[in-house]
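Asker: this is a predicted model, with the sequence first.
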Amino acid sequence: MSGGAILPGATLGVMGGGQLGRMFVHAAQRMGYFTAVLDPDEASPAGLVSHTHIKAAYLDGAAIKQLADASAAITTEFENVPAQALAKLAQSRPVAPGADAVAIAQDRAKEKAHFTRCGVACAPNALIESAEQLQAVDGNLLPGILKTSRLGYDGKGQARVSTRQELSAAWDELNRVPCVFEKMLALDYECSVIVARGRDGQMVNLPVQRNLHRAGILAVTEVHEGNVPSSVAYDAVGAARTIAEGMQYVGVLCVEFFVLKDGSLVVNEMAPRPHNSGHYSMDACDVSQFELQVRTLAGLPLVQPRQHSPSIMLNLLGDLWFLRGEVESTPRWDDILALSGMHLHLYGKAQARRDRKMGHLNITGADMQHVRRAALQAAGILGIEPF
């Protein structure tokens, strides 16, 4: 019956020790697996809760061998783990997602090319790797957003520009690294889809998530019936599945979309891992994104997740610890937990910093009216701007 699946009792490895790794570790442990984490930070959130924590750099050959020896299969918790480390691990162990897929997600130019190959529309864009390419940028792309091809996330490595002069200055400011320049589109809202694909090609997805970003960082996710028009949801799920299939992807993949004022859909980017916008699934679905990550890695059967409660997720940034000034102060969790439908997830980070992801709050209830009312009440207590 197991069909080559890696069953509970085995050890699952993860490259990266951040909060996504921590939640993967918790999901794996709940299902009966042992876990091993490779991360250089001795206080990493995932390392602190894992059975084994290998404290070393991601390209440390001895550490990579130690993780491979300890683990039956290995995943990654963020896309900037060196793809060559994943390729090395894959020589002796199943690795999901694979190095090739991670390498595409690490580079915006490769990512755009993959979307185009899959026939999924993205914003008009141009690659800028040289002064000649900068000069050749089509004026119709202005105003636009200049994004570094690599290592950009949560609004970092980006600049909004309106003129050629601003574009040139922004590229200088980004140290003239390879960039993608995208036309700024008239957005109505943003949404995302999380899919999980097994080695056998079986694929399932979570419901479409409607997202609100502030300063480039996800602030609020709402998931309930009617949160996006059914036609948009259908197209978004279909596009996300096509993108995963086009890479022969194995694992959990998040695809983020823009919905334009005219109702059309364009893909923004993808993340080869669980995603902030899927955190609500921990409390609102019968199978969370992290259990899906365990199942895809271990070769277990995938079942279509069922959302049993409407939900809102509030991202908890370190700014909430500094609402009374520069002295760190713990938010009023007792007042939050006095409200019904609250599910608090903190990531075990010892020090709060502005813009640092410290945790998230999932709010569930019998109907969306109750959930929204409770979420706004919680936001008011925490000092989060209404939505």
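Answerer: Perfect, thanks for sending it.
Asker: got the CA coordinates for the longest helix anywhere in the chain in CSV?
Answerer: Ordering each helix of the chain by length in residues (DSSP state H) puts helix 230-246 first. In CSV, the C-alpha atoms belonging to helix 230-246 read as follows (Å, rounded to 0.1, in the frame of the first residue of the first chain):
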residue,chain,number,x,y,z
SER,A,230,-15.4,32.4,-9.6
SER,A,231,-14.0,33.1,-13.1
VAL,A,232,-10.8,34.6,-11.6
ALA,A,233,-10.5,31.7,-9.1
TYR,A,234,-10.8,29.2,-12.0
ASP,A,235,-8.2,30.9,-14.1
ALA,A,236,-5.8,31.4,-11.2
VAL,A,237,-5.9,27.7,-10.1
GLY,A,238,-5.5,26.6,-13.7
ALA,A,239,-2.5,28.9,-14.3
ALA,A,240,-0.8,27.8,-11.1
ARG,A,241,-1.3,24.1,-12.0
THR,A,242,0.1,24.8,-15.5
ILE,A,243,3.2,26.5,-14.0
ALA,A,244,3.8,23.6,-11.7
GLU,A,245,3.3,21.0,-14.4
GLY,A,246,5.6,22.9,-16.7
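Asker: tell me what it is packed against?
Answerer: Using 3 or more Cβ pairs under 8 Å, 6 or more residues apart in numbering; DSSP states H and E, the elements in contact with helix 230-246 are helix 108-117, strand 187-197, strand 203-205, strand 251-260, strand 265-271. From N, CA and C alone the C-beta is placed, and that goes for glycine too.
Asker: direction included, what does the fourth one pair up with?
Answerer: What that stands for is strand 251-260. strand 187-197 (antiparallel), strand 265-271 (antiparallel) (DSSP bridges).
Asker: after the shortest one, which helix or strand is next?
Answerer: Scanning forward in sequence from strand 265-271 by DSSP states H and E, the next helix or strand is helix 281-284.
Asker: quick revisit: could you dump the strands paired with strand 251-260 into TSV and include mean neighbour count and distance to Asn125?
Answerer: Output for the strands paired with strand 251-260, formatted as TSV (neighbours: other Cβ atoms under 10 Å; distance: least, Cβ to Cβ, whole Å):
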stretch	mean neighbour count	distance to Asn125
strand 187-197	22	16
strand 265-271	21	11
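Asker: all helices for the stretch 1-150 of the chain, in order.
Answerer: 19-30, 45-49, 61-70, 83-89, 99-105, 108-117, 131-135 (DSSP state H, counting those that start in this stretch).
Asker: these: which one's closest to Gly341?
Answerer: Between Gly341 and the helices of the stretch 1-150 of the chain, the tightest spacing by Cβ to Cβ is seen for helix 19-30, at 20.0 Å.
Asker: between the helices of the stretch 1-150 of the chain, which one is closest to Leu292.
Answerer: Of all the helices of the stretch 1-150 of the chain, helix 19-30 comes closest under Cβ to Cβ, at 8.9 Å.
Asker: please export the C-alpha coordinates of the helix or strand hosting Met313 as PDB.
Answerer: When elements are assigned from DSSP H and E, Met313 belongs to strand 311-317. The C-alpha trace of strand 311-317 is given here as PDB (Å, rounded to 0.1, in the frame of the first residue of the first chain):
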ATOM      1  CA  SER A 311     -10.600  32.800   7.600                       C
ATOM      2  CA  ILE A 312      -8.500  36.000   7.800                       C
ATOM      3  CA  MET A 313      -4.700  35.900   8.400                       C
ATOM      4  CA  LEU A 314      -2.900  38.900   9.900                       C
ATOM      5  CA  ASN A 315       0.800  39.000   9.500                       C
ATOM      6  CA  LEU A 316       2.500  40.000  12.800                       C
ATOM      7  CA  LEU A 317       5.600  42.100  12.100                       C
END
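Asker: strand partners (parallel or antiparallel) of it?
Answerer: strand 217-223 (antiparallel), strand 357-364 (antiparallel).
Asker: need the next SSE after it, C-terminal direction.
Answerer: Strand 311-317 is succeeded, C-terminally, by helix 333-337 (DSSP H and E).
Asker: who are the packing partners of the helix or strand just after that next one?
Answerer: Next helix or strand after helix 333-337 toward the C-terminus (DSSP H and E): strand 342-346. Packing partners of strand 342-346 (3+ Cβ pairs under 8 Å, 6+ apart): helix 281-284, helix 333-337, strand 357-364.
Asker: of the strands paired with strand 251-260, which is nearest Met282?
Answerer: Among the strands paired with strand 251-260, strand 187-197 comes nearest to Met282, with 12.2 Å by Cβ to Cβ.
Asker: the closest one to helix 230-246, inter-axis angle?
Answerer: Angle, strand 187-197 to helix 230-246, by axes from the mean of the first three to the mean of the last three Cα atoms, to 10 degrees: 40 degrees.
Asker: pLDDT on strand 187-197, on average?
Answerer: What strand 187-197 shows for mean pLDDT is 98.
Asker: please report the distance of the closest residue to Tyr347 other than its chain neighbours from Arg164.
Answerer: The shortest distance from Tyr347 to any non-neighbouring residue, by Cβ to Cβ, 6 or more residues apart in numbering, is to Gln19 (3.9 Å). Using Cβ to Cβ, to the nearest Å, Gln19 is found at 40 Å from Arg164.
Asker: so for those two, which residue has more residues nearby?
Answerer: Using other Cβ atoms under 10 Å as the criterion, Gln19 and Arg164 rank with Gln19 on top: 25 against 13.
Asker: I figured that one hits Lys357, correct?
Answerer: Yes: applying Cβ atoms under 8 Å as the test, Gln19 and Lys357 come out as touching, 6.4 Å apart.
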